[in-house]
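1. here is my input; please provide its structure:
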Amino acid sequence: MGDNVVLARNTEDAPKCPLSSQTVAFSHYNNISAQLGIDPATGTLVEGGVLEQAAQAFENLETIVESIGHGLNDVARLTVFVKDIRDMDAVDEVQQVFFPTYAPARTVAAVNDLPFGAAVQIEALLTNGEGTIPGEPQAGDLLKYVNNTPNAPMSAMSTQTVAFSHYNNISAQLPIDPVTGQVVEGGVKAQAAQCFKNVKAILNSIDVPFDDIVKITLFVRDLDDVAAIDEVYATFFPDSAIARAVAYVPARTVVEVADLPLHARVQVEAVVSHGDGTPPQAVEDRHGLILEANNTDAAPRCAMSTQTVAFSHYNNISAQLGIDPVTGALVEGGARAEAVQALKNIKAIIECVDHVMEDAVKVNIYVQDLADMDAVNEAYREFFPEGVPARRVLGVNRLPLDARVQIDAIFGNFEGTPPIA
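-> Okay, the predicted model is just below:
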C-alpha cells in the first residue's frame, strides 16, 4: 500500500473561506471546518435568531458531508459553540431534525464571541471508511461502534463514546454524578474529579485504559481555577505503572469559556486511541499500536502536557501560545507577533517528529478579540499559504498568560505508529 495523503475538498454549495478547506480527510477521518449560519448564496448570516442560524449551519454541514459521498450518520463528533448557553434548547431542537435516530459524541460550550457575530457555530468530525490512500481503499466498510454506560451521565443528545478505526471520540464530560444526574457539590476540584471519573467510567465500559487518552481539552469558566484542576489532573495522569514509568501525559488545550451546560465550572473533552480498531480491519492492523509522545526544546514545554502525541495516523498537538522557548515569555508585538510565534512553536514540534506543516488537517484558533483576526490571518498565511487545513476560530475572554492568541492543531501521521515489539 502507498501512503495516506491529505485530501482537502470544497463545494460551491456551502460557504467557502480562502483560509481554510471545508473538509480535510486523512486516513479514516474527515475534519470539517466550523460552520456558521451563513447562506452560501449571499455570504451573510441568515435572518432570524439562533434557531434559523443553527438550521443553516447544519444544512451547510450536511451539504459538505454529502458533497464527498458521506451522510450525517458518518459524523463521529459534533462540537457546538454558542454565545448564550440558554440557546442550546433551540440548537438541540434543530439537531434532532438532522440526527433523528443517531446522536454523535458531542461537546457544547458558550464562548464570548463568534465570527460574523453569529449566535452559534457547529463543526463535525466525520468517519472516512474508504481512507485516503490514492486509488486504494484501506479497510473496506469499517464499522462505527457507539456505546453508553449507566456508570456515566447519559444524554439523549449525545452518545458517550463513538469509536471508528483507531480512535474513540468521547462526549465532553461535565461534573455530573450519574446516580443523581446533578452537578456534584463542592468546588472546582470536586467538579474536575467527577469529570475525570466519568471519562474513566466510559473507558472502563469499553475496556480501554485511561492512559490511552491522547488529547485532553479542558473548558473552564475561570482560568484561575486551572491550578486547582491541575492538582486533580495529576492524580489521574499517569494512570498505569507503564505510563508512570515514562511520565506520560496527553497533549492538552485549556480554554476559558463564557459558560458551560448546567453552569458547571469545568468540562473535559477526551480523544482516545483505540488499538484494536473497528472491524473489518485486518488483524495485523489492529493490535498493539503504541502511543508516541514527543517533546522538543525548540518549543515551550509544560509539565502537564506532551507537545505531540501520535497514535495510528494522527499527531495531536498541545495548544501553543506566542511564547519564545528561549525566554519562556510571550513575545512582544501584539496579536500578529504572538500568532507567528505560536505557529513557529507548532512547526518546531511537528518537525521534531519528521513531519511538515503541509501535514496539518485541522487548526483551532482562540483569540481574546476577534478584531485581531486580520492580524492573525496575516501570520497564518505565512504558514498555510494554500489554506488547506480545516479550521475553527473562537473569541474567548481570556487566555493563559493573558496572551492574545492560542493555537492548537491536528496533523496527519502517514507512517502510523508501530505495534509493541
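2. what count of nearby residues applies to residue 117?
-> Residue 117 has 11 neighbouring residues, counting by other C-beta atoms under 10 Å. (Each C-beta comes from the backbone N, C-alpha and C, glycine too.)
3. so what pLDDT did it get?
-> At residue 117, the pLDDT value in this model is 97.
4. quick one: residues contacting the nearest residue to it once chain neighbours are set aside.
-> Among residues not flanking residue 117 along the chain, residue 45 sits closest, at 7.6 Å (C-beta to C-beta, 6 or more residues apart in numbering). With contacts defined as C-beta atoms under 8 Å, 6 or more residues apart in numbering, the neighbours of residue 45 are 36, 37, 38, 39, 53, 56, 116, 117, 118.
5. restricted to helices, list those residues.
-> Using DSSP state H, 53, 56 are the members of the contacts of residue 45 that sit in helices.
6. quick check on the contacts of residue 45: which are buried?
-> Buried subset of the contacts of residue 45 (neighbour count, 16 or more other C-beta atoms under 10 Å): 36, 37, 38, 53, 56, 118.
7. format the residues you listed as TSV; extra columns: distance to residue 167.
-> Formatted as TSV, those follow (distance: C-beta to C-beta, whole Å):
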residue	distance to residue 167
36	26
37	29
38	29
53	30
56	29
118	29
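8. pull the most distant pair out of those residues.
-> 56 and 118 (9.9 Å; C-beta to C-beta).
9. shared neighbours of these two, anything?
-> Common neighbours of residue 56 and residue 118 (criterion: C-beta under 8 Å, 6+ apart): 36, 37, 38, 45.
10. so what's the closest residue in space to the third one that isn't next to it in sequence up against?
-> The shortest distance from residue 38 to any residue other than its chain neighbours is 4.4 Å, reached at residue 15 (C-beta to C-beta, 6+ apart). Contact partners of residue 15, counting by C-beta under 8 Å, 6+ apart, are 35, 36, 38, 40, 43, 60.
11. quick one: residues contacting the closest residue to residue 49 other than its chain neighbours.
-> Closest residue to residue 49 apart from its sequence neighbours, by C-beta to C-beta, 6+ apart: residue 119 at 6.7 Å. When contacts are counted by C-beta under 8 Å, 6+ apart, residue 119 is found next to 37, 49, 50, 53, 82, 83, 84, 87.
12. pull the contacting residues for residue 200.
-> Contact partners of residue 200, counting by C-beta under 8 Å, 6+ apart, are 210, 236.
13. which helix or strand contains it?
-> Using DSSP states H and E, residue 200 sits within helix 188-205.
14. next secondary structure element downstream of that helix?
-> Sequence-wise, the next helix or strand downstream of helix 188-205 (DSSP H and E) is strand 213-220.
15. what's the span of stretch 301-312, first residue to last?
-> Using C-alpha to C-alpha, to the nearest Å, one end of stretch 301-312 lies 24 Å from the other.
16. what about the helices in the stretch 51-200 of the chain?
-> In the stretch 51-200 of the chain, helices defined by DSSP state H, counting those that start in this stretch lie at 88-98, 188-205, listed in chain order.
17. follow-up on the earlier one: pipe the shared contacts of residue 56 and residue 118 into JSON lines and attach distance to residue 329 and pLDDT per row.
-> Listed next are these as JSON lines, based on distance: C-beta to C-beta, whole Å; pLDDT from 0 to 100:
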{"residue": "36", "distance to residue 329": "35", "pLDDT": "98"}
{"residue": "37", "distance to residue 329": "40", "pLDDT": "98"}
{"residue": "38", "distance to residue 329": "39", "pLDDT": "98"}
{"residue": "45", "distance to residue 329": "39", "pLDDT": "98"}
